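Visitor: Model the structure of this input:
(one chain, ligands or ions: 1)
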Amino acid sequence: MAIKQGLVLQGLTRTHGDGEQAVHALRGIDLVVQEGELVAVMGPSGSGKSTLLTCAGGLDRPTSGQVLVDGNDLATLSRNEVAALRRRRIGYVFQDFNLIPALTAAENVALPLELDGTRARAARKQALLALQEVGIEELADRFPDDMSGGQRQRVAIARAIVGERRLLLADEPTGALDSETGEAVLQLLRDRCDQHGIAGVLVTHDARHAAWADRVIYLRDGVVGSATQSLLDADVLLEAPR
Ligand SMILES: Nc1ncnc2c1ncn2[C@@H]1O[C@H](COP(=O)(O)OP(=O)(O)OP(=O)(O)O)[C@@H](O)[C@H]1O
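Guide: Got it, this is the predicted structure:
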């Protein structure tokens, strides 16, 4: 059986500004993340990691190159179609959770479904399932301010996996968590890829966290470097745990 490709980036470039002010955040990235695969992206600050995620998730448009999510070429879709794909197929997890404080855990998780037209009752049912999968169903009616950091990140992961998501993009998801809670969050991401065949991309500065991935790519100045080169990269070494 052919392996299906969750995310394909081909010749991806992203330049901010032009002329002498131009910043080449990505300079030709080729990357395939198969279904069920978790790929970690490491690299020094400013190397383009977040830009790679925002382009992959349709939050930013590349300057050139192709982004395919679950077989859909984003460049061929209208703005509305990209927005719909984002709501249905792509989940994001950020360092600072990005939960809406005025909504309960279940309401936060149900939100992308409701925005996509799912009726409130059905959306809540799916939200409860997602909360159950991340082990905090009992917190469904609690507000984010009454939760610990680890609990909030679980809510954020539930929101990122609710419904029929095929691509999970996590930008430093453990950055605000203690190491034990961080490991638990990574375990959840790993399980999600293993058990549900979701393609995952994990941006991290921490080599221990990258070890949860099937493979690690190192970005430097907007290009993918070889592992050997990157091990010689002082920034990576300094940021790796001893
Ligand atoms: N909107 C923007 N306008 C101009 N330059 C930008 C913009 N967004 C990012 N950049 C630049 O693009 C480059 C890549 O930034 P990016 O945030 O992707 O790096 P990063 O590897 O995620 O960094 P960090 O680890 O610090 O989060 C940097 O030089 C950054 O200053």
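Visitor: if I look at the residue nearest the centre of the chain, how far off is the ligand?
Guide: Residue closest to the mean C-alpha point of the chain, counted by C-alpha atoms, centre = their mean, is Leu169 at 1.1 Å. Distance, Leu169 to the ligand, by C-beta to the nearest ligand atom, to the nearest Å: 12 Å. Backbone N, C-alpha and C define where each C-beta goes, glycine included.
Visitor: Who are the contact partners of that residue?
Guide: Applying C-beta atoms under 8 Å, 6 or more residues apart in numbering to Leu169 gives the contacts Leu53, Ala56, Gly57, Ile90, Gly91, Tyr92, Val93, Gly200, Val201.
Visitor: just those: which has the poorest pLDDT?
Guide: The lowest pLDDT within the contacts of Leu169 belongs to Val93, with 89.
Visitor: where exactly do the strands run in this structure?
Guide: Using DSSP state E, the strands of the chain run over 5-16, 23-34, 38-42, 64-69, 72-73, 90-94, 167-171, 199-203, 215-220, 223-225.
Visitor: need those strands in a markdown table with distance to Ala110, can you?
Guide: As requested, these are exported to a markdown table (distance: least, C-beta to C-beta, whole Å):
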| stretch | distance to Ala110 |
| --- | --- |
| strand 5-16 | 24 |
| strand 23-34 | 27 |
| strand 38-42 | 26 |
| strand 64-69 | 23 |
| strand 72-73 | 24 |
| strand 90-94 | 14 |
| strand 167-171 | 18 |
| strand 199-203 | 22 |
| strand 215-220 | 34 |
| strand 223-225 | 37 |
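Visitor: least trustworthy helix or strand in this protein by mean pLDDT?
Guide: Here the helix or strand of the chain ranked lowest by mean pLDDT, DSSP states H and E is helix 234-239, holding a mean of 48.
Visitor: just the angle between the lengthiest helix in the chain and strand 23-34, please?
Guide: Longest helix of the chain, by residue count under DSSP state H: helix 179-196. Here helix 179-196 runs at an angle of 50 degrees relative to strand 23-34 (axes from the mean of the first three to the mean of the last three C-alpha atoms, to 10 degrees).
Visitor: In the chain, where is pLDDT below threshold?
Guide: Scanning the chain for pLDDT under 70 picks out the ranges 1-4, 226-242.
Visitor: Would you mind naming what in it lies close to the ligand?
Guide: His16, Val23, Ala25, Gly43, Ser45, Gly46, Ser47, Gly48, Lys49, Ser50, Thr51 (C-beta under 6 Å from any ligand atom).
Visitor: Please tell me how far the fifth one sits from Leu219.
Guide: From Ser45 across to Leu219, the span is 11 Å (C-beta to C-beta, to the nearest Å).
Visitor: do the same with Ala123
Guide: 36 Å.
Visitor: Could you do Pro101 as well?
Guide: From Pro101 to Leu219 the distance is 33 Å (C-beta to C-beta).
Visitor: between these two, which one's more packed in?
Guide: The neighbour count for Pro101 versus Leu219, taken as other C-beta atoms under 10 Å, is higher for Leu219 (24 against 8).
Visitor: Number of residues surrounding the closest residue to that one other than its chain neighbours?
Guide: With sequence-adjacent residues excluded and distances taken as C-beta to C-beta, 6 or more residues apart in numbering, Leu219 is closest to Gly43, at 3.5 Å. Gly43: 26 surrounding residues under other C-beta under 10 Å.
Visitor: and if you look at Ile100?
Guide: Neighbour count of Ile100, defined by other C-beta under 10 Å: 12.
Visitor: Ser78 too?
Guide: Other residues near Ser78 come to 8 when the count uses other C-beta under 10 Å.
Visitor: got the phi/psi numbers for it?
Guide: phi -70, psi 170 (degrees, to the nearest 10).
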